[in-house]
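Let's see this in three dimensions:
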Amino acid sequence: MRGEPITIRHPKPVIGLLGAPGSGKSTVARVFADLGCRIIDADQLAHEALQTERVKATLRSWWGDHVLNSQGQVDRKEVGKIVFNQAHELHRLEQLIHPLVHQARQAARQRLFESPPCRAVIEDCPLLLETGLNHQCDVLVYVDCPEETRFERLSATRGWDRAEMQRREQKQLPLDIKRQSADYVISNGKAEDQLREQAEHVLHQIGV
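Okay, here's the model as predicted:
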């Protein structure tokens with residue numbers, strides 16, 4: 001974990017969550033929300049950006065009409081097939097989506113900073129370190145979870161086998177780097193009431 005003193009640079013503390021796929025970052029985010037924090041969900045922002053008219057038109061011009069479903073919405077599975085093993089296609093998709101997500105995040109933060117009931121802002125982003133979003137956070141929390149528990153979750157919720165889990169992890173920074181980058185560690189191999197105690201401890205430590 002980082003040893004430097006924590007400085008809160010925003011009107012409300014911004015807490016970024018780190019962890020492996022299946023570690024339960026979204027579960028921990030919801031626990032923080034139950035304690036009066038508010039969540040910015042990067043996946044949700046990206047999904048919303050994907051369905052804007054500008055993005056839909058651009059994707060059709062790149063890849064054809066089949067990227068839209070019968071309701072005229074972007075078919076994420078079709079897009080996934082295209083970018084899955086084509087780094088250049090993934091890169092240009094990210095170049096299209098990321099600025100829109102950034103704008104939406106900034107607007108969401110400003111609303112939450114001005115909201116008196118909000119104790120802290122929780123950034124739930126799968127690639128927080130990889131995208132540099134950690135530099136926009138005041139506090140980093142690593143969500144620790146046993147590998148077997150993560151596999152059971154991912155198998156049940158996403159249908160992943162071990163090879164897929166390992167492949168996804170290899171596309172992210174190593175877990176030891178994520179853990180060492182964090183200010184606090186929350187163990188998610190425990191009952192939810194223990195998660196609440198750990199989250200409350202973090203909030204108490206940073207003074208909110």
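
alpha carbons only for contacts and neighbour counts from here, please
OK.

Once you drop chain neighbours, what's closest to the residue nearest to the spatial centre of the chain?
In the chain, the residue lying closest to the centroid (C-alpha atoms, centre = their mean) is residue 125, at 1.5 Å. Nearest residue to residue 125 in three dimensions, chain neighbours excluded: residue 42, at 5.0 Å (C-alpha to C-alpha, 6 or more residues apart in numbering).

Give me the pLDDT value at the one you found.
Note for residue 42: predicted pLDDT of 94.

what about it, how many neighbours?
By other C-alpha atoms under 10 Å, the residues close to residue 42 number 19.

residues contacting it?
Listed by C-alpha atoms under 8 Å, 6 or more residues apart in numbering, the contact partners of residue 42 are 101, 123, 124, 125, 126.

distance of it from residue 24?
15 Å (C-alpha to C-alpha, to the nearest Å).

hmm, back to that, most surrounded residue in the contacts of residue 42?
Highest neighbour count within the contacts of residue 42: residue 123, with 27 neighbours (other C-alpha under 10 Å).

in which helix or strand would I find that one?
strand 121-124 (DSSP states H and E).

could you point out which element follows that strand?
strand 139-144.

quick one: contacts of that following strand?
Counting by C-alpha under 8 Å, 6+ apart, 6, 8, 13-20, 23-25, 28, 134, 178-179, 181-189 sit against strand 139-144.

before we move on, what SS does residue 70 have?
For residue 70, the assignment made with DSSP: H, G, I helix; E, B strand; the rest coil gives coil.

Would you check how far apart it and residue 62 are?
Between residue 70 and residue 62 the distance is 19 Å, computed by C-alpha to C-alpha.

who has more neighbours, the two?
residue 62 (12 against 8).

Sort out which residues of the strand or helix carrying the more buried one are buried, please.
Residue 62 belongs to helix 53-63 when assigned by DSSP H and E. Residues of helix 53-63 classed as buried by neighbour count (16 or more other C-alpha atoms under 10 Å): 55, 56, 59.

residues making contact with the lowest-mean-pLDDT helix or strand in the chain?
Within the chain, no helix or strand scores below helix 162-170, which has a mean of 85 by mean pLDDT, DSSP states H and E. Outside of helix 162-170, the residues within contact range by C-alpha under 8 Å, 6+ apart are 20, 21, 151, 154.

ok, and the most crowded of those residues?
Neighbour max across the contacts of helix 162-170 (other C-alpha under 10 Å) = residue 20, 23 neighbours.

which SS class is that one?
coil.

Hmm, it is touching residue 177, no?
No. Using C-alpha atoms under 8 Å, residue 20 is not in contact with residue 177, being 11.3 Å away.

distance between the longest helix along the chain and the chain's centre?
Longest helix of the chain, by residue count under DSSP state H: helix 87-113. From the chain centre to the centre of helix 87-113 is a distance of 12 Å (C-alpha atoms, centre = their mean, to the nearest Å).

Nice, that's everything, thank you.
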